[in-house]
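Participant: Task: produce atomic coordinates for the following.
(one chain, ligands or ions: 1)
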Amino acid sequence: MAVICQKDKTMKKLTKAKKEKIKHFLMIAGVASAVSLLALVIFVLVIQRVPIKTTKERKKDSLDYSQIEVEKPDISKKLLTENINSRPGTPLEEIKGIVVHYTANPGTNAKANRNYFESRKDCPDEGQYKVSSHFIIGLQGSIIQCIPENEIAYASNNRNSDTLSIECCHPDDSGKFTDETYQSLVHLVSYLCDKYEIPVSQIIRHYDVTQKECPRYFVKYPEEWEKFHSDVTAYLKKKMVKQ
Ligand SMILES: [Zn+2]
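Facilitator: I've put the predicted structure just below:
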């Protein structure tokens, strides 16, 4: 009996040790699973965050132009004579953006700047005389078109081949546009964005192409350039057609 009892005791001890072992194992397994689960949750969250961010970015930038109708602003078409320097007649195959400029000629109006481009036709066939722009906005907000939208202008260097250009007149050396010029610019840019489905992010400064200080005021005050983008976006949103 005593032997059996001893055996029982040993068995009991063994079972207890086994139980402890199992308990210990289960505890470790539990902690491991919890850590793995947490890692998995973090991983999924991180993975999900990436597309959410890009979608948000894209949403911010892409307006549904099929739902927007911007009326054409008053544009006075005074096309330049075709010539090697300011209107080469080269087809503009695709329009990916709009480049904003300032004339760098304080106090001059749209017509004077248009005539300056026209006068380039009598200059030699040299790089320094190759200058023009699709549109010019005057000090009172009037818009002159110098080059058809399906031809390139000589305004924005290596972006001449896929952008439309807009020159803006300005009263003084600061390069700041008058309210009238600014409002016409917002209208014209919005109209062109809608017409050619150009994202607002693709409205750029000449500075963004060549680092040239053009348009001066928007280079000096980048926050004003951001405000311009916001004003165009707001204008486009206002022109959303109600369903
Ligand atoms: Zn420029």
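Participant: where does the spatially most central residue of the chain fall, helix, sheet strand or coil?
Facilitator: Centroid check for the chain by CA atoms, centre = their mean gives residue 201 as the closest residue, at 1.4 Å. Assigned by DSSP: H, G, I helix; E, B strand; the rest coil, the conformation of residue 201 is helix.
Participant: Run through the residues of this protein sitting next to the ion.
Facilitator: By the rule CB under 5 Å from the ion, the part of the chain lying against the ion is 101, 206, 214. For glycine as for every other residue, the C-beta is placed from the backbone atoms N, C-alpha and C.
Participant: Let's have these in a markdown table, adding secondary structure and neighbour count.
Facilitator: Below are the residues of the chain next to the ion laid out as a markdown table (DSSP: H, G, I helix; E, B strand; the rest coil; neighbours: other CB atoms under 10 Å):
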| residue | secondary structure | neighbour count |
| --- | --- | --- |
| 101 | strand | 22 |
| 206 | helix | 23 |
| 214 | coil | 24 |
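Participant: can I get these in JSON lines with pLDDT?
Facilitator: JSON lines is the format used below for the residues of the chain next to the ion (pLDDT from 0 to 100):
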{"residue": "101", "pLDDT": "98"}
{"residue": "206", "pLDDT": "98"}
{"residue": "214", "pLDDT": "98"}
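Participant: residue ranges with poor pLDDT in this structure?
Facilitator: When residues are selected by pLDDT under 70, those of the chain lie in 1-17, 22, 25, 41-61, 243.
Participant: quick one, domains of it?
Facilitator: Each domain of the chain is listed here as a residue range: 1-61, 65-238, per automatic domain parsing.
Participant: Pick the most deeply packed of those.
Facilitator: domain 65-238 (a mean of 18; mean count of other CB atoms under 10 Å).
Participant: so how far is that one from its chain's centroid?
Facilitator: Relative to its chain's centre, domain 65-238 lies at 17 Å (CA atoms, centre = their mean, to the nearest Å).
Participant: Where do the strands of the protein begin and end?
Facilitator: Assigned by DSSP state E, the chain shows strands spanning 75-77, 97-102, 135-137, 143-145, 163-168, 203-205.
Participant: which residues sit against the fourth one?
Facilitator: When you say that, I think you mean strand 143-145. 73-79, 110-111, 114, 134-138, 184, 188 (CB atoms under 8 Å, 6 or more residues apart in numbering).
Participant: now swap in the fifth one and tell me
Facilitator: Residues outside strand 163-168 that contact it (CB under 8 Å, 6+ apart): 92, 95-103, 113, 133-137, 149, 153, 155-156, 177, 181, 185, 188-189, 192, 196, 204, 215.
Participant: Check the second one too.
Facilitator: Contacts made with strand 97-102 from outside it, assessed by CB under 8 Å, 6+ apart, are listed as 133, 155-156, 159, 162-170, 175, 177, 185, 189, 192-193, 198, 202-206, 208-209, 214-218, 228.
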